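Asks: Show me how the following folds:
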Amino acid sequence: MSLTSVALIVVLLLAAAYTVILYNALVRLKHGVGKAWSNIEVLLKQRHDELPKLVETCKQYMQHERTTLERVIAARNAVASAREKGDIGALGQAESGLRAGLGQLFALAENYPQLKANESFQFLQQRISGLENGIADRRELYNEAVNLNNVRIEQFPDVIIAGLFGFKAAELLEFSEAEKADVDLKSLFG
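Replies: Here you go, the predicted structure:
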């Protein structure tokens with residue numbers, strides 16, 4: 001075997017090894033996005049399960065606030081539908097509606113001292129608030145995983161491997177303008 005043949009074989013082996021390393025890194029990133037999304041889904045499901053209990057507790061006290069309660073239930077259903085379909089864009093919009101409805105619900109609860117004193121309401125309010133914070137944290141982690149994936153599949157030489165094996169960009173979980181705007185406290189308590 002000539003020196004040129006050995007050099008060619010070594011170069012081909014190094015190229016193959018490098019391709020495998022790039023491919024495995026892209027697979028890791030793709031699965032990181034999936035894992036981050038699953039973490040969000042777990043918290044969304046928990047919140048989805050807790051909201052009917054909160055609404056039912058509130059119904060016992062808030063007979064005149066039916067539209068607010070119905071709005072929270074409709075927003076909850078929209079979030080569940082978007083989550084089941086995996087529609088990230090619709091989920092962001094539905095989340096905005098649900099967060100607004102919950103904010104209004106908690107603000108209205110201020111007018112019902114017996115409700116505020118109810119242990120079930122206090123527990124559920126704290127539980128849902130904790131889930132909201134967890135969801136916000138997981139959104140950040142998800143978007144970071146998506147960003148790492150999307151940058152990597154566009155960089156050279158990864159773009160070649162990504163194209164050959166069909167790696168796709170993932171969608172960021174973005175927030176609506178209403179969710180990014182400052183909260184109008186007067187409207188919540190008005």
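Asks: Tell me the secondary structure at Glu41.
Replies: Taking DSSP: H, G, I helix; E, B strand; the rest coil as the rule, one finds Glu41 in the helix state.
Asks: My understanding was that it contacts Ala80; is that so?
Replies: No. Using C-beta atoms under 8 Å, Glu41 is not in contact with Ala80; the gap is 10.6 Å. Placement of C-beta: from N, CA and C, glycine included.
Asks: distance of the nearest residue to Arg71 once chain neighbours are set aside from Asn149?
Replies: In this structure, Arg71 finds its nearest non-sequential neighbour in Gly101, 4.7 Å apart by C-beta to C-beta, 6 or more residues apart in numbering. For Gly101, the distance to Asn149 equals 32 Å [C-beta to C-beta, to the nearest Å].
Asks: Those two: which is more packed in?
Replies: With other C-beta atoms under 10 Å as the criterion, Gly101 and Asn149 differ in neighbour count, and Asn149 comes out ahead with 24 against 20.
Asks: and Pro157, backbone torsions?
Replies: phi -90, psi 0 (degrees, to the nearest 10).
Asks: element containing the closest residue to it other than its chain neighbours, please.
Replies: For Pro157, the nearest residue in space outside its immediate sequence neighbours is Leu22; the separation is 6.7 Å by C-beta to C-beta, 6+ apart. Taking DSSP states H and E as the criterion, Leu22 maps to helix 3-59.
Asks: so after that helix, what's the next helix or strand?
Replies: Proceeding C-terminally, helix 3-59 gives way to helix 66-85 as the next helix or strand, assigned by DSSP H and E.
Asks: How about the secondary structure of Asn143?
Replies: At Asn143, secondary structure determined by three-state DSSP is helix.
Asks: okay, now it: neighbour count?
Replies: Using other C-beta under 10 Å, Asn143 is surrounded by 17 other residues.
Asks: Alright, calling it a day.
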